[in-house]
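A.B. asks: coords below, sequence missing:
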């Protein structure tokens, strides 16, 4: 566990840690990732483009069909040791922010306060109106889908309802991008957990923090483009590695 000891030393010497998390932390909770060759979700189901979702009622209802009639791994998933270790370090005050590419809400479910989670790709556990931004709970929309066979337009303004995720072709959320940038500007260590660091612009934040002088640690099963830049690189499971480095017996 020499590399994990190095990560522990980095954590113990830092006071403004930022986490950057990708699909790899949630695969340990049983949620399949989207892009892995052969096993990724997008190898099995063609992703729906944002412009197609907006332009076609048929496409929108196909999106809801996938949501409510498809596999439900994300909804049934629970936080794992990696999520709990992140939450512990934030509660302890050593870390102050999680920038995540994930949409599964598992960081919040593990105890991280909403204000400490920056969701670059949105959140799949609720929906919003694209016009007036009214929030809709998924349980209510599923009940509507089951009874009517479709999800109806927004009851407030008649706009299109969509899960609160960032789809292919949809603009990145400006506020979240700004929050992530500010977090990277003020951190002294950024720890990447389970990200391939290949999906931009999100993947640019760890490099940005490192170039500003922060330490960089990467825990990911596969090599990443930033491995040569990192202070510590660990190609192993996130849960066992981070819980050990955080001094936890989970």
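C.D. replies: Arrived safely, thanks for sending. Keep in mind it's a predicted model, so treat the numbers as computed, not measured.
A.B. asks: can you list contacts of stretch 193-206?
C.D. replies: 19-28, 35, 82, 86, 99, 101, 120-121, 172, 177, 180-181, 184, 190, 192, 216, 218-222, 224-226, 238, 242 (Cβ atoms under 8 Å, 6 or more residues apart in numbering). Where you see a C-beta, it was placed from the backbone N, CA and C, and this is true even at glycine.
A.B. asks: just give me the residue right at the centre of the protein.
C.D. replies: residue 102 (1.7 Å; Cα atoms, centre = their mean).
A.B. asks: from what I can see it touches residue 24, true?
C.D. replies: No - contact between residue 102 and residue 24 fails when scored by Cβ atoms under 8 Å: they sit 9.6 Å apart.
A.B. asks: got a pLDDT number for the nearest residue to the residue nearest to the centre of the chain once chain neighbours are set aside?
C.D. replies: In space, and not counting its chain neighbours, residue 102 is closest to residue 26: 5.4 Å by Cβ to Cβ, 6 or more residues apart in numbering. Among the per-residue scores, residue 26 holds a pLDDT of 97.
A.B. asks: just confirm residue 26 is within a helix.
C.D. replies: Yes - assessed with DSSP: H, G, I helix; E, B strand; the rest coil, residue 26 lies in a helix.
A.B. asks: quick one: low-confidence parts of this protein?
C.D. replies: 1-2, 34-44, 250 (pLDDT under 70).
A.B. asks: residue ranges for the strands of it, please.
C.D. replies: Assigned by DSSP state E, the strands in the chain fall at 17-21, 95-100, 117-119, 122-129, 135-137, 161-165, 189-193, 215-219, 232-234.
A.B. asks: dump those strands into JSON lines; add mean neighbour count and distance to residue 70 as well.
C.D. replies: Formatted as JSON lines, those follow (neighbours: other Cβ atoms under 10 Å; distance: least, Cβ to Cβ, whole Å):
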{"stretch": "strand 17-21", "mean neighbour count": "27", "distance to residue 70": "24"}
{"stretch": "strand 95-100", "mean neighbour count": "26", "distance to residue 70": "22"}
{"stretch": "strand 117-119", "mean neighbour count": "24", "distance to residue 70": "22"}
{"stretch": "strand 122-129", "mean neighbour count": "19", "distance to residue 70": "12"}
{"stretch": "strand 135-137", "mean neighbour count": "13", "distance to residue 70": "19"}
{"stretch": "strand 161-165", "mean neighbour count": "20", "distance to residue 70": "13"}
{"stretch": "strand 189-193", "mean neighbour count": "27", "distance to residue 70": "26"}
{"stretch": "strand 215-219", "mean neighbour count": "24", "distance to residue 70": "30"}
{"stretch": "strand 232-234", "mean neighbour count": "21", "distance to residue 70": "33"}
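A.B. asks: now those as CSV including distance to residue 145?
C.D. replies: Shown next, in CSV, are the strands of the chain (distance: least, Cβ to Cβ, whole Å):
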stretch, distance to residue 145
strand 17-21, 30
strand 95-100, 27
strand 117-119, 24
strand 122-129, 11
strand 135-137, 12
strand 161-165, 11
strand 189-193, 34
strand 215-219, 38
strand 232-234, 43
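A.B. asks: among these, which comes closest to residue 57?
C.D. replies: Counting by Cβ to Cβ, residue 57 lies closest to strand 161-165 out of the strands of the chain; the figure is 11.8 Å.
A.B. asks: can you state the direction angle for the closest one and strand 122-129?
C.D. replies: On the basis of axes from the mean of the first three to the mean of the last three Cα atoms, to 10 degrees, strand 161-165 is oriented at 160 degrees to strand 122-129.
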